[in-house]
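Asker: whatever this is, show me its structure:
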Amino acid sequence: METPASGEPVIRDTTVPVHVVASLAEGETIEEILEDYPSLTRAQVENAIEYAKAYPKKGRPYPARSFKRTDDGALRVSVMTLLEMRRG
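Answerer: You can find the predicted model right below:
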């Protein structure tokens, strides 16, 4: 694991925070995480989970499901509509 200037540990050679991946593992399978983060390997995801167990993040937890996988399709549509409105 690497720690950039932000102080948040990230998976080596990526900008993906370790604790984000570990949090997603609470609500998603490793296969789903790999679909959301195709640049990661299974070993990197498994190592991130183990690292986060050994060094838990203090403060507000990350969500256990990625935005892409939320069950609330209406929320996704609303957010996407707002983003499109801001662009155009």
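Asker: so where is this structure shaky, pLDDT-wise?
Answerer: 2-6, 63, 67-80, 88 (pLDDT under 70).
Asker: can you show me the helices along it?
Answerer: Applying DSSP state H to the chain gives helices spanning 18-24, 30-36, 42-54, 73-87.
Asker: surely residue 40 and residue 16 touch.
Answerer: Yes. Counting by C-beta atoms under 8 Å, residue 16 is a contact partner of residue 40 at 6.6 Å. The C-beta positions use only the backbone N, C-alpha and C, and glycine is treated the same way.
Asker: and for residue 61, the neighbour number?
Answerer: Each residue near residue 61 was counted by other C-beta atoms under 10 Å, and the total is 12.
Asker: look up how far residue 35 lies from it.
Answerer: Between residue 61 and residue 35 the computed distance is 22 Å (C-beta to C-beta, to the nearest Å).
Asker: cool, residue 26 as well?
Answerer: Distance from residue 26 to residue 35, by C-beta to C-beta: 17 Å.
Asker: most centrally placed residue in the chain?
Answerer: Relative to the mean C-alpha position of the chain, the nearest C-alpha, by C-alpha atoms, centre = their mean, is the one of residue 20, at 3.8 Å.
Asker: circling back to that earlier point, out of the helices of the chain, nearest to residue 12?
Answerer: Nearest of the helices of the chain to residue 12, taken as C-beta to C-beta: helix 42-54 at 7.7 Å.
Asker: thanks a lot, see you next time.
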